[in-house]
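> Have a look at this prediction, sequence included:
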Amino acid sequence: MPAREPTRPTILVIDDEKNTRDGLDKALCHKYSVLLAESANAGLDILNREHVDVVLTDLRMPGIDGMAFTREVAARQDAPLVIMLTAYGSVQTAIEAMKVGAYDYLTKPVNIDNLEMMIERGLESRRLRAENEQLRRELDQRYGLEGMIGNSRAMTEVFDTVRQIADARSTVLLTGESGTGKELIAHAVHRLSGRSSQPFIVVHCAALNPNLLESELFGHEKGSYTGAHQQVLGRFERANGGTLFLDEIGDIDLSTQIKLLRVLETRTFERVGGNTPIETDVRLIAATNCDLKRRVDEGRFREDLYYRLHVVSIRLPPLRERAEDIPLLLDHFLRKAAEENGRTLSGFSPETVKVLTAYAWPGNVRELRNCVERMVVMSRGSNLTLKDVPADVRTAISDALESKDGGAEAGAKAPSLDIDAHEKNLIAQALRETRGNRTEAARQLGISRRTLHRKLHTYGLENL
């Protein structure tokens, strides 16, 4: 039985001139399945019925022009590549169309060899993006845990511990600096447990004064204090059968600590102003960014409560201890922020990943996530570069690098993080390595050819 011929890519040609349509059909039909449309409206009808890989569209047409057509197509899920065909006088408009989603443009009369090369390059780029997306999904499945990302040894140990203790009834103490993801781990423990269908209740202990915290935890009876006009159920009652997460438990006062210890030991409590014991079946997870053992030694935290909470302890490592996870986190937060803000971005330049990975991130994952979101919102190109790094983060990185390098050689001042110099050197190096092939240089740099042309002008590198 003969081998089945692989499916050929489909090209949709949209042009109001019949000679142009027929000429492109004749030139491309040997290699592609070609569909023809005499207007943008007819092209949209075809896109609604057929799978199309690449669209070749004229810029100036009656009715919907190429610019409006490209904008509408680019907004579609799994949109085809759009290549704009234009006269020399409309090149600037074609460049504007690329800003709203066109892959590239060619001027008329079309050079078929250049067109085929552009189509092949675009299809290859699309294939690689699809493979990258699949790889990212596999990485999330392999290296993620309920929304957390990491493949470092430190994080895989955390994930293994979470899976092991999820179904236990024991209390869990999560420790680590602010921004390391303690609440996410608490959520993961709950969702992986047999209590996942029951409530997950969160109390931020540091945000409440002692009287309010006691009422929040245990509830109160009507008339128990001024303003208590009705009975209110506390978090222990509302979390019954589920999980109660007490964040920043090191900040609760000694009086509340005694009552909390009693609940853990007897699984009963009374509402404020009441004397009827109420039974509760709650899995308690506590978190702190302080040294609870030191607070015990200082007399600020009860030792018996500390050991009652410390049945299972999980330390969340700071980001500086798992720098190998930063590229994964950058990719994860980029995709999430781009989706939430309606942006289409291809990723980070290699130099940007390198610099961001070298930074210590004192605010940990939270700081990194906020940085990426700001970069996505403020970006102007399709690829995030060093210039997109927020100014305050650039300054902090520069100061950190100067401090680090300054200790290596007495009296020597490390160079600042000169974003323009880094970028200019990278572009010049890429052009040298590709012997002036700007298309290949742009590919290596992870930017579009349009962006490369603009940067060559900015840095005075047009003659390279």
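Sure thing, it's come through.
> Quick one, grab the pLDDT at Asn19.
Per-residue confidence (pLDDT) for Asn19: 91.
> can you tell me the helix or strand for it?
helix 18-28 (DSSP states H and E).
> Return the helix or strand in the protein with minimum mean pLDDT.
strand 144-145 (a mean of 60; mean pLDDT, DSSP states H and E).
> how near is the residue nearest the centre of the chain to Thr256?
Closest residue to the average C-alpha location of the chain: Phe333 at 1.2 Å, with CA atoms, centre = their mean. The gap separating Phe333 from Thr256 is 36 Å, by CB to CB, to the nearest Å. (C-beta placed from N, C-alpha, C; glycine too.)
> And for Ala228?
18 Å.
> quick one, which of those two is more surrounded?
Thr256 (19 against 15; other CB atoms under 10 Å).
> The host helix or strand of the more buried one: what's the following helix or strand?
Secondary structure assignment for Thr256, by DSSP H and E: helix 254-266. Counting by DSSP H and E, the next helix or strand C-terminal to helix 254-266 is strand 268-269.
> Now do Thr458 against Leu452, distance only.
On the measure of CB to CB, Thr458 and Leu452 end up 11 Å apart.
> So if I had to pick from the two, which one is more boxed in?
Neighbours per residue, other CB under 10 Å: of Thr458 and Leu452, the larger number sits with Leu452, 20 against 12.
> now the host helix or strand of that one, how far from the centre of its chain.
Assigned by DSSP H and E, Leu452 falls within helix 449-459. The chain centroid and the centroid of helix 449-459 are separated by 27 Å under CA atoms, centre = their mean, to the nearest Å.
> Other residues contacting that helix?
Defining contact as CB atoms under 8 Å, 6 or more residues apart in numbering, one finds that helix 449-459 is touched by 95, 98, 104, 381-383, 420, 423-424, 427, 438-439, 441-442, 445, 447, 461-462, 464.
> can you tell me the average pLDDT over that helix?
80.
> Just give the number of residues close to the spatially closest residue to Thr93 that is not a sequence neighbour.
Leaving aside its sequence neighbours, Thr93 sits nearest to Leu59 (CB to CB, 6 or more residues apart in numbering; 6.1 Å). By other CB under 10 Å, the residues close to Leu59 number 23.
> Leu59 and Val34, how far apart?
Distance from Leu59 to Val34, by CB to CB: 20 Å.
> cool, and Trp361?
Distance, Trp361 to Val34, using CB to CB: 51 Å.
> Contacts only, for the residue nearest to Thr93.
Asp65, Gly66, Met67, Met84, Leu85, Thr86, Ala87, Ser90, Thr93, Ala94, Ala97.
> Domain boundaries for this structure, per the record?
If you go by automatic domain parsing, the domain ranges for the chain are 10-138, 153-317, 322-459.
> element containing the residue of the chain most remote from its centre, please.
No residue in the chain sits farther from the centre than Asn275, which is 49.8 Å out by CA atoms, centre = their mean. Assigned by DSSP H and E, Asn275 belongs to neither a helix nor a strand.
> re earlier: weakest of the domains of the chain by average pLDDT?
Among the domains of the chain, domain 322-459 scores lowest, at a mean of 79.
> Between its first and last residues, how far does that one reach?
Using CA to CA, to the nearest Å, the end-to-end distance of domain 322-459 comes to 36 Å.
> For Asp253, give me its contacts.
Pro210, Leu213.
> Swap in 10 Å and give it another go.
Cys205, Asn209, Pro210, Asn211, Leu213, Glu214, Arg300 (CB atoms under 10 Å, 6 or more residues apart in numbering).
> I'd say the third one and Leu260 touch.
What it means is Pro210. No: counting by CB atoms under 10 Å, Pro210 does not reach Leu260; the two are 12.0 Å apart.
> Between the two, tell me which one has more neighbours.
The neighbour comparison of Pro210 against Leu260 (other CB under 10 Å) goes to Leu260, with 26 against 14.
> List the neighbours of stretch 73-81 that are in contact with it.
The contact list for stretch 73-81 (CB under 10 Å, 6+ apart) reads 9-12, 40, 43-44, 47-48, 51-57, 70, 72, 82, 97, 100-104, 118-119, 121-123, 125-126, 130, 342, 344.
> try stretch 40-52
Stretch 40-52 is contacted by residues 7, 9-16, 33, 35-37, 39, 55-58, 61-70, 72-73, 76, 78-82 when judged by CB under 10 Å, 6+ apart.
> ok, the residue nearest to Leu85 when sequence neighbours are not counted - how many residues close by?
Spatial nearest neighbour of Leu85, excluding adjacent residues (CB to CB, 6+ apart): Asp58 at 5.3 Å. If you count neighbours by other CB under 10 Å, Asp58 ends up with 23.
> correct me, but Met155 touches Pro318?
No: assessed by CB under 10 Å, Met155 is found out of contact with Pro318, at 11.5 Å.
> of these two, who's got more company?
Between Met155 and Pro318, counted using other CB under 10 Å, Met155 has the larger neighbour count: 23 against 19.
> Mind telling me what element the more buried one is part of?
helix 153-165.
> Could you do Ala188 as well?
Using DSSP H and E, Ala188 sits in helix 182-191.
> Quick one: residues contacting the residue nearest to Met118 when sequence neighbours are not counted.
Spatially, and ignoring its direct neighbours in sequence, Met118 is nearest to Asp104 (5.7 Å; CB to CB, 6+ apart). Applying CB under 10 Å, 6+ apart to Asp104 gives the contacts 81-84, 94, 97-98, 118-119, 121-122, 439, 448-450.
> Apply the buried test to those and list what passes.
81-84, 94, 97-98, 118-119, 121-122, 448-450 (16 or more other CB atoms under 10 Å).
> Pick out whichever of those residues sits closest to Asp251.
For these, the closest approach to Asp251 (CB to CB) belongs to Ser448, at 50.4 Å.
> pretty sure the closest one contacts Arg380?
No: if you go by CB under 10 Å, Ser448 and Arg380 don't touch, sitting 11.8 Å apart.
> Now go through the contacts of Leu59 and say which are in helices.
Per DSSP state H, helices hold the following members of those: Gly66, Met67, Thr93, Ala94, Ala97.
> Output the contacting helices and strands for the helix holding Thr256.
For helix 254-266, the packing partners by 3 or more CB pairs under 10 Å, 6 or more residues apart in numbering; DSSP states H and E come out as helix 210-218, strand 268-269, strand 283-288, helix 303-309.
> cutoff 8 Å now
helix 210-218, strand 268-269, helix 303-309 (3 or more CB pairs under 8 Å, 6 or more residues apart in numbering; DSSP states H and E).
> Same list (the ones you listed) but as TSV, adding distance to Gly250.
Formatted as TSV, the entries for the helices and strands packed on helix 254-266 read as follows, by distance: least, CB to CB, whole Å:
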stretch	distance to Gly250
helix 210-218	13
strand 268-269	21
helix 303-309	10
